[in-house]
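[1] my questions are about this predicted structure, shown below with the sequence.
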4 protein chains.
Amino acid sequence: MNKHYETIVVGAGVIGSSIAYHLAKRGCSVLLLERESIAGKASSAAAGMLGAQSELKDGNDSLYSLAKASRAMFPALAEELKAYSGIDIGLQQKGIYKMATNEEEREELIAYGEVQRDRGEEARWMEPAELQREEPAVSSQLSGALFLPNDGQVSAPDLSKAFAMSAVELGAELLEYTDVQSLIKEGNQVTGVRTNREDISADHVVVACGAWSEDLLGKQNSGMAMYPVKGECFSVKTKRRLIQGTFFSKGCYIVPKSGGRLVIGATEKPGTFDETVTLGGLFPLIKAATQLVPELVFAEWETAWTGLRPQTEASIPYLGPHENHAGLFIATGHYRNGILLSPITGKVIADLIEGKHVPQEWITTGNLSHRGVNL
Amino acid sequence: MNKHYETIVVGAGVIGSSIAYHLAKRGCSVLLLERESIAGKASSAAAGMLGAQSELKDGNDSLYSLAKASRAMFPALAEELKAYSGIDIGLQQKGIYKMATNEEEREELIAYGEVQRDRGEEARWMEPAELQREEPAVSSQLSGALFLPNDGQVSAPDLSKAFAMSAVELGAELLEYTDVQSLIKEGNQVTGVRTNREDISADHVVVACGAWSEDLLGKQNSGMAMYPVKGECFSVKTKRRLIQGTFFSKGCYIVPKSGGRLVIGATEKPGTFDETVTLGGLFPLIKAATQLVPELVFAEWETAWTGLRPQTEASIPYLGPHENHAGLFIATGHYRNGILLSPITGKVIADLIEGKHVPQEWITTGNLSHRGVNL
Amino acid sequence: MNKHYETIVVGAGVIGSSIAYHLAKRGCSVLLLERESIAGKASSAAAGMLGAQSELKDGNDSLYSLAKASRAMFPALAEELKAYSGIDIGLQQKGIYKMATNEEEREELIAYGEVQRDRGEEARWMEPAELQREEPAVSSQLSGALFLPNDGQVSAPDLSKAFAMSAVELGAELLEYTDVQSLIKEGNQVTGVRTNREDISADHVVVACGAWSEDLLGKQNSGMAMYPVKGECFSVKTKRRLIQGTFFSKGCYIVPKSGGRLVIGATEKPGTFDETVTLGGLFPLIKAATQLVPELVFAEWETAWTGLRPQTEASIPYLGPHENHAGLFIATGHYRNGILLSPITGKVIADLIEGKHVPQEWITTGNLSHRGVNL
Amino acid sequence: MNKHYETIVVGAGVIGSSIAYHLAKRGCSVLLLERESIAGKASSAAAGMLGAQSELKDGNDSLYSLAKASRAMFPALAEELKAYSGIDIGLQQKGIYKMATNEEEREELIAYGEVQRDRGEEARWMEPAELQREEPAVSSQLSGALFLPNDGQVSAPDLSKAFAMSAVELGAELLEYTDVQSLIKEGNQVTGVRTNREDISADHVVVACGAWSEDLLGKQNSGMAMYPVKGECFSVKTKRRLIQGTFFSKGCYIVPKSGGRLVIGATEKPGTFDETVTLGGLFPLIKAATQLVPELVFAEWETAWTGLRPQTEASIPYLGPHENHAGLFIATGHYRNGILLSPITGKVIADLIEGKHVPQEWITTGNLSHRGVNL
């Protein structure tokens, strides 16, 4: 074991790369390890919605505050990452529309808008006529929409690459095609990792392997309970921008990207690591999308893909130190919100490693020791 | 004008390449000219059905006899092309099923089967139970199928390439990325072509440019009347062969290829040269295909594409010498049957150029002089 | 002929799209016609260098002033196009280094730097040691470099798309997959175009078809003399930015793009429309590039492509009205400088159409009538 | 643990798929498990040479007899796999030329030809003039070649897919995207596998994971000693077949495929799992290939890729039962000869599982127990 780092981050998806970025920016020595290549899986598959309000409506207050804190970091982050890496992360702050396709959804969304406003958030109900004035491409059959002006979106692959490359510019080391096979421990202390190349030691090891995190931890009885949720997406191209905001209905979402691209997603298939796009997955998405925006029937097919989102049984990410094991940190389980939560996740883990204060409600790894046997 | 050939063939799609192949095999000096690269357009987009019986049911007897003569050439051709070019054209002689999705189609197809048998062709009606025994993946909702055991299919891109490369092996010259801008004439005699590179002379010029044939001829008042018919297709992959024969319904066709691929087509959009695949094109194809073979919902999406089929107003190909212009031959307008008709088209044009006998009913260029002004 | 536009622009590459953009921005009715799809050929193949000083050293003063005027337009243009289309054109203003690989080139470049400074331009000679401080990845074997800080680069495909999509946002119509087969004339006046779809009339027709411009004009004896110059390029990826500026040597250029991509070009093969990348084309580029930046041997291969640059016999673009034909404008022949010259070309043609003053030295179509017979 | 199979094969590359095929053909219940998708790694990257004589010259007699036995199986296998799966494996029996690029290699190869003939093998020395008559595209600068008429080649991706799909046709089950995380044991007996989906039991488990075999076995002290050897390849296209046989020199090999494709390989980089193609890898291959066949400078670039070959420290595959562990079989370490050895490997493992006789010299797992600690 000839190399030593302050921190090893395992997994160069958007979460691991953000952690490496935040640590490198603070002058820490960081090694970012990746089994394949950076942003190769779910991080590049994501549509990039920043749906702090649109996604997290279930009243999980700590997750919600985490999401809002993270969303607020994007404008400054976009500048920083551009400066360090030259990459434009494609931040668009044009809001998300939660579309009501029938009366029931209409009632639900109007009520949800009130809840949001009670919380001090912006949320504006739009009747069909107003909706069509703002977004003329939207179907005239809708029953209105709840507009969340502060939600937005980024280019997920660009964000992920920008984190990783900025980390490298700031001095982090990156090793791709390096499989971490196990953690190295001395008693209760995690002291490094064993890879398919060599053993490497570190003061801190962060596991940020998304849906594959349990491969590393679970085998060793981490106490975690996770499963992958496969999502299929596709993209089309148009010659002019059909929509400005992001559209979100029960059947699909439509996210407008640069150059007339639209990303449309996503299915939800829990419990499989299968990465194929199926006809049965595409069909309902195409149907829902063309019902929402009828002009999409003329849009040009581009391509389709999948991502495997890391979900936890408790439906909240694992974020924080592993209670039983000094030196070990967990940052995974972000499900559909990995892009949105990546900035705050990077900051929180870096703060924890540096011993800084982090709001206690954001630390979610406190119960791992109760569930797992000794790691 | 420093080069001379016995025959110049314009267009290296499946038709032009077959003509060049037949001529080269007979020892003629041939130049095959192509604006882009061989088999770049409709020839590679085709699903490759050899539907002499399944496609041509409208009682056009001369086209029908042409199609049957061409279908009969495939087995020997497959051997020959493999020997010359090393390419396996993927000939599958497992029949085509014309599927009845309702009672009306059932009646129609049963009647059509009788017509076929009266003509001396094989055509067998299959009740749903028998159909499912033969092809277990087929939907149990069908009202039966007419099985045409002598129809079959090939790999269209491989056939096209095999023609062109075999022609080259046999001495034909091939010039890709060469745009023929006009015909060169001396009085009534076509004596060569003007390309974007140079002028080239020939005793005979064959125009085989598919949907683009009128660009060359029409500008000069050829008397032809053609239009493109855009077709969108897609392919999926499965790990085992779902179906053996080719399935053909009113909404789609499903053609099983080597290695578990299935080609599914095709839309019909007349009058456009647009080569994009649209969502509105894919949607009804996916719907029809998954209704025909329900297990297709699990099939893996591969890719989608388009082809522009050259259709004529009379719905029969232009095949033969141009009446008003010595030395000029036409071979285009094969619509959805270019792959099927390519062998016989190559033979007929080669026979005509060599002055051999060709059944008069197969020559369809007799009326061009009545319609066109002087070329 | 049922449609009428003030101006029809033929060709939706970077030149035609810029013209359409400038016209649409001024409120003119514009139709942009494209045979295939926007930015499909040379405009997307270009490396995107803005080499007003680095490319145009031959003392052609009018072309040089045109280039400098165009280069100066980019910063404001980048903002505008982002606002209209949402596309970031990837402008990088980090200079171009003209590398001296031996003593002879060193002398040449030092002398050229003096010429530049005499003209009032910035141009700084860098000795090898200084060069390595600025750009540590450069080979230690070089004999220095002339640094031109005001040259820069953009993403050529993004610029082209941004022009076309901004034009559409501003009201221009775009028809892709539409082949213009001939000009329509009434006596001396060009009054529209004949396409493979329909005839369309206009007050002004602009031909901006790049290497294919003569297909439309030349057939009609335009007086032009053009030829394509094929260029092969490839790209690689690195995990950190190897270089900041653009490197330019006699054997190749290396242009650093966003996300660690590097575009390396380009061969020069005049007189062919062939669009294939050959082994013989790649080999000397790889050799020259790895000699310039040795660390490139570790860079990851991405892909290779070609573009066909439109060159004129006089080595200056055709820019301006066609003398003999009222209503007809020409904008082609930009050779390796189409990206750089696209802003000013759009402005100049729009000014000419609007009857505004344009510096006489920039109009280069004055001699067409001497060479061509009647169009 | 609710499922049970007679045999579980881990890894659906060419080796695992051949084993599954042989077992399924004999009526055994087989489960083929694959972490990603079939033939996704080295098996599809291989050039497909069947170089029993050309590759294995080092006098390793048992490996040599294994290779010859395997090579002899291909003609019948090609028929069988075509019948079961519909896939043409592209078998070409046109020999391999070992090229002498200088006098020293000439002497070596002439001597090696004698050794081969002494062993009763065909091997013919060709002087430059004869070589050029047989293969006119070969460089005139060569010093002759040793022609091995009984070596040949197949399409590696097609062979691999054909094995897997034929196995499925014959009743094997295939689970892709299923990661085997550990073996399940009862005392000394391997009784199944633990996957990321579920536990599955079996009487026999075969590990055929190529370069990743140690991930599963090595962690448990298998006694094996392996490392990956990265190989970079590329392909080009020509419009006519340049060469008939396979060319093999010290700097590269050139393998002619169907349709004018040529596969050119391969670099040798031991000890890395990196799957990127580098400029430094391509450069010497292009150089060596164009020196061997000068006309290749005109060939069209297609694409480049890598494969990770599984090499063992002893330079012979691991083939046979694991001595210490009942029920566990190993089939990996085939290095550059996986395609060639796949038929015999499938047969040998199936024979061993069925308790049939296998020549003792082919079993290479006898010493594992001496090296490894308890598994």
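    Received the coordinates, thanks.
[2] rest of the way, CA atoms for contacts and neighbours
    Noted.
[3] contacting residues around the residue lying closest to A:Ala52 once chain neighbours are set aside?
    Closest residue to A:Ala52 apart from its sequence neighbours, by CA to CA, 6 or more residues apart in numbering or on different chains: A:Ala67 at 5.2 Å. Residues counted as contacts of A:Ala67 (CA atoms under 8 Å, 6 or more residues apart in numbering or on different chains) are A:Ala52, A:Leu340, A:Leu341, A:Ile344.
[4] 7 Å instead?
    By CA atoms under 7 Å, 6 or more residues apart in numbering or on different chains, A:Ala67 lies in contact with A:Ala52, A:Leu340, A:Leu341.
[5] and of those, the nearest to chain D?
    A:Leu341 (26.3 Å; CA to the nearest CA).
[6] burial count for A:Ala314?
    11 (other CA atoms under 10 Å in any protein chain shown).
[7] state the phi and psi torsions of it.
    With angles defined as degrees, to the nearest 10, A:Ala314 sits at phi -80, psi 0.
[8] please determine how far A:Val297 is located from chain C.
    In this view, A:Val297 and chain C are 17 Å apart by CA to the nearest CA, to the nearest Å.
[9] in this structure that residue contacts B:Gly280, no?
    Yes. Here A:Val297 lies in contact with B:Gly280, judged by CA atoms under 7 Å, at a distance of 3.9 Å.
[10] picking that back up, show the pLDDT at the residue nearest to A:Ala52.
    If you check A:Ala67, the pLDDT there is 95.
[11] repeat that for the one 5 residues further on.
    The predicted local confidence for A:Ala72 comes out at a pLDDT of 97.
[12] next secondary structure after the helix or strand that it is a member of?
    For A:Ala72, the host element (DSSP states H and E) is helix A:61-85. As assigned by DSSP H and E, the chain's next helix or strand after helix A:61-85 is strand A:96-99.
[13] run the chain-centre distance for that following strand.
    Remark: strand A:96-99 is offset 19 Å from the chain centroid, using CA atoms, centre = their mean, to the nearest Å.
[14] what's the local residue count around A:Ile38?
    Other residues close to A:Ile38 by other CA under 10 Å number 28.
[15] pretty sure it contacts A:Gly13?
    Yes. Between A:Ile38 and A:Gly13 a contact is recorded at 6.1 Å, counting by CA under 7 Å.
[16] identify the residues contacting A:Val10.
    Applying CA under 7 Å, 6+ apart, the residues contacting A:Val10 are A:Gly16, A:Leu32, A:Leu33, A:Glu34, A:Val206, A:Val207, A:Ala208, A:Cys209.
[17] what confidence value was assigned to the residue sitting nearest the centre point of chain A?
    Nearest residue to the geometric centre of chain A (CA atoms, centre = their mean): A:Gly338, 1.3 Å. Note on A:Gly338: pLDDT of 97.
[18] mind listing residues that contact the one helix or strand it maps to?
    Element membership for A:Gly338, per DSSP H and E: helix A:338-354. By CA under 7 Å, 6+ apart, the residues outside helix A:338-354 that reach it are A:14-15, A:18-19, A:22-23, A:48-50, A:67, A:69-71, A:73, A:156, A:320, A:357-358.
[19] contact residues of the stretch 251-375 of chain A facing chain B?
    A:276-280, A:283, A:286, A:296-301 (CA under 7 Å from any CA of the partner chain).
[20] go again using 8 Å as the cut-off
    The stretch 251-375 of chain A has residues A:276-281, A:283, A:286-287, A:296-301, A:303-304 near chain B, with proximity defined as CA under 8 Å from any CA of the partner chain.
[21] buried among these? Make that a ChimeraX selection.
    Selection of buried members from these for ChimeraX, criterion 16 or more other CA atoms under 10 Å in any protein chain shown:
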select /A:276,277,278,279,280,281,283,286,287,296,297,298,299,300,301,304
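[22] in strands only, show me the residues of the stretch 251-375 of chain A next to chain B.
    A:Glu300, A:Trp301, A:Thr303, A:Ala304 (DSSP state E).
[23] can you pull the contacts of A:Asp274?
    Contacts for A:Asp274 were tallied using CA under 8 Å, 6+ apart; they are A:Lys230, D:Glu36, D:Glu176, D:Tyr177, D:Thr178.
[24] can you lay out these as JSON lines showing distance to chain C, secondary structure and pLDDT?
    Output for the contacts of A:Asp274, formatted as JSON lines (distance: CA to the nearest CA, whole Å; DSSP: H, G, I helix; E, B strand; the rest coil; pLDDT from 0 to 100):
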{"residue": "A:Lys230", "distance to chain C": "27", "secondary structure": "strand", "pLDDT": "98"}
{"residue": "D:Glu36", "distance to chain C": "23", "secondary structure": "coil", "pLDDT": "95"}
{"residue": "D:Glu176", "distance to chain C": "28", "secondary structure": "coil", "pLDDT": "97"}
{"residue": "D:Tyr177", "distance to chain C": "26", "secondary structure": "coil", "pLDDT": "96"}
{"residue": "D:Thr178", "distance to chain C": "29", "secondary structure": "coil", "pLDDT": "96"}
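[25] of these - the most surrounded one?
    Most surrounded of those: other CA under 10 Å gives A:Lys230, at 24 neighbours.
[26] so where's chain A shaky on pLDDT?
    A:1-2, A:57-59, A:218-222, A:367-375 (pLDDT under 70).
[27] the same query, at a cut-off of 80, please.
    A:1-2, A:55-60, A:217-223, A:366-375 (pLDDT under 80).
[28] which residues of it lie near chain D?
    A:36, A:176-178, A:181, A:196-197, A:215, A:271-275.
[29] which parts of the stretch 251-375 of chain A sit against chain C?
    Near chain C, when you scan the stretch 251-375 of chain A using CA under 8 Å from any CA, you find A:Ser258, A:Gly259.
[30] so which residues of the stretch 251-375 of chain A form helices?
    A:279-292, A:338-354, A:368-371 (DSSP state H, counting those that start in this stretch).
[31] looking at those, which is buried most?
    Neighbour counts (mean count of other CA atoms under 10 Å in any protein chain shown) averaged over each of those peak at helix A:338-354, with a mean of 24.
[32] what angle do helix A:61-85 and that one make with each other?
    90 degrees (axes from the mean of the first three to the mean of the last three CA atoms, to 10 degrees).
[33] distance between helix A:338-354 and the chain's centre?
    Distance, centroid of helix A:338-354 to centroid of chain: 12 Å (CA atoms, centre = their mean).
[34] same check on stretch A:12-26?
    Relative to its chain's centre, stretch A:12-26 lies at 14 Å (CA atoms, centre = their mean).
[35] cool, and stretch A:255-270?
    14 Å.
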